[in-house]
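Q: sequence first, then the predicted structure, then my questions.
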Amino acid sequence: MNRVLTIIAFVAFASALFTRSVDPIIPQIADSLGTDAATAALLSTAYALPYAIVQPLLGLLADMFNKAKLMLICLAVVAAATIAGALVTSFPLMMASRAITGMGSGGLVPIAFAILGDLVPVNRRQVAMGRLLFAIMSGNLLGATAAGFIGDLFGWRAVFTVMAVLGFAILVVAIPSLRGVGHRGGGFDLSVMRSGYSAIFTNRLAKFCFGAVAVEGALMYGVFPHLAALFHDMGETRASIPGLVIGGFALGGVIYSVRVSLLLRLFGENWMMRIGGVLMGLTIAFIALRAPWQADVVDFAVLGLGFYMLHGVIQIYASELAPAARGSAMALHSFFYFLGQAAGPAIYAVGFAAAGVTPTLLISGVLLVLNGLIAGHYLRRTAVAAV
């Protein structure tokens, strides 16, 4: 089991590389492909919206067929679409490349968590998920920081090329390692679809799980594609700087993943969610101060810690909404999470234009605090145990 968990951690690592590597090079892409930075920030939406849309289908396929094989097919699609992104000559083609990448990525992390849920008992799952999150945060850290430096040295096309090569390398290792892993389902069956989704949405905790992650995705991740433009407005044009700041977020996630057992003992699940929401709200509001970038690195490290204190617990509840349809439950979890991420850049663009940067960030901070408090109040272990 440990070998399998290690391999799926590497696949999740590859997925994380593709997710955040574009954010630091948004201005470079905009200049090269003849558009403005605000429009180029919608590349995040082009990735996140297809990611969200395919989740219900991929979740069903994961439950009906073989999770591991589906995950490997998706990794191949992601790597191929990313190398295509390195070759595009127009912004619409870049949008198409990111959309295909998002569709493929939809079958990586959610299915990895579903496989983990199948293999690890619930009483050990929080720690196991923490280790998987470590791989994801390492990918985010490397993807964001390396993308900034590679973009400064070699240009944005080199970023896409390097990420694609790493994805193909992990695929080559994963194919033989995951052979025979996972049970084959009974094939396509509409009754399985109906019963699975019925079981998920009958659970009264579903609306709190899915609603909370949608808010997270929109109000936290939605600001990420705008960071490089905000730094540009402050006179900082190096792509490596927003890359380092986003890398700070990943560092906070790494701290969470290696200290998750201690945090659980100190605070318990419900207070972890509440504290996580408060930290997220304060750190998003801090961006409005336009502090030196070094302070933003620290701020984003705290943001990453707070995010995973909340999000990591929600994932556990989502994995237990309907154990017989775990693939579908985790897919719906990602559907709402990435639906929020798809809406987030547009929400911030409208907010910045209509109300200004500072009011928009402060309002988002307040809503994130409320999100953590509501999740911490309504998501309770006794309710899951009774399902």
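A: Noted; the coordinates are in hand. All values reported here derive from a predicted model rather than from experimental measurement. Residues are numbered from 1 along each chain as shown.
Q: low-confidence ranges in the chain?
A: Filtered on pLDDT under 70, the chain yields the residue ranges 1, 63, 122-123, 125-126, 180-193, 381-387.
Q: need the longest helix for it.
A: Criterion DSSP state H: the longest helix present in the chain is helix 240-286.
Q: what's the offset of that one from the middle of its chain?
A: The chain centroid and the centroid of helix 240-286 are separated by 14 Å, computed with Cα atoms, centre = their mean, to the nearest Å.
Q: show me what the following helix or strand past that helix is packed up against.
A: Towards the C-terminus, the helix or strand next in line after helix 240-286, according to DSSP states H and E, is helix 293-319. The helices and strands touching helix 293-319, judged by 3 or more Cβ pairs under 8 Å, 6 or more residues apart in numbering; DSSP states H and E, are helix 109-119, helix 122-154, helix 206-219, helix 240-286, helix 326-354, helix 357-378. All C-beta atoms are positioned from the backbone trio N, CA, C, and that covers glycine.
Q: which of those helices sits most buried?
A: Mean neighbour counts were taken over these using mean count of other Cβ atoms under 10 Å, and the top value, a mean of 25, falls to helix 109-119.
Q: between helix 122-154 and that helix, find me the angle.
A: Counting by axes from the mean of the first three to the mean of the last three Cα atoms, to 10 degrees, helix 109-119 lies at 150 degrees to helix 122-154.
Q: can I get helix 109-119 as PDB, trimmed to CA atoms?
A: Once side chains and other backbone atoms are set aside, the C-alpha atoms of helix 109-119 remain, and they are given as PDB (Å, rounded to 0.1, in the frame of the first residue of the first chain):
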ATOM      1  CA  VAL A 109      -6.000  14.900  -7.600                       C
ATOM      2  CA  PRO A 110      -9.700  13.900  -7.000                       C
ATOM      3  CA  ILE A 111      -9.100  10.300  -8.100                       C
ATOM      4  CA  ALA A 112      -5.900  10.200  -6.200                       C
ATOM      5  CA  PHE A 113      -7.800  11.100  -3.000                       C
ATOM      6  CA  ALA A 114     -10.500   8.600  -3.900                       C
ATOM      7  CA  ILE A 115      -7.900   5.800  -4.200                       C
ATOM      8  CA  LEU A 116      -6.400   6.900  -0.900                       C
ATOM      9  CA  GLY A 117      -9.900   6.700   0.600                       C
ATOM     10  CA  ASP A 118     -10.300   3.200  -0.700                       C
ATOM     11  CA  LEU A 119      -7.000   2.100   0.700                       C
END
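Q: off-centre distance for it?
A: With Cα atoms, centre = their mean, you get 15 Å for helix 109-119.
Q: use 225 as the first number for this chain going forward.
A: All right, first residue 225 from here; so that's helix 333-343.
Q: what does it contact?
A: Helix 333-343 is contacted from outside by 225, 228-229, 232-233, 235-236, 239-240, 279, 282-283, 286, 291-292, 294-295, 298, 349, 352-353, 356, 360, 405-406, 539, 543, 547, 550-551, 554-555, 557-558, using Cβ atoms under 8 Å, 6 or more residues apart in numbering.
Q: I'd like to know how far the closest residue to residue 501 other than its chain neighbours sits from residue 355.
A: If you skip the residues right next to it in sequence, residue 501 has residue 596 as its closest partner in space, 1.2 Å away by Cβ to Cβ, 6 or more residues apart in numbering. Residue 596 is 23 Å from residue 355, where distance means Cβ to Cβ, to the nearest Å.
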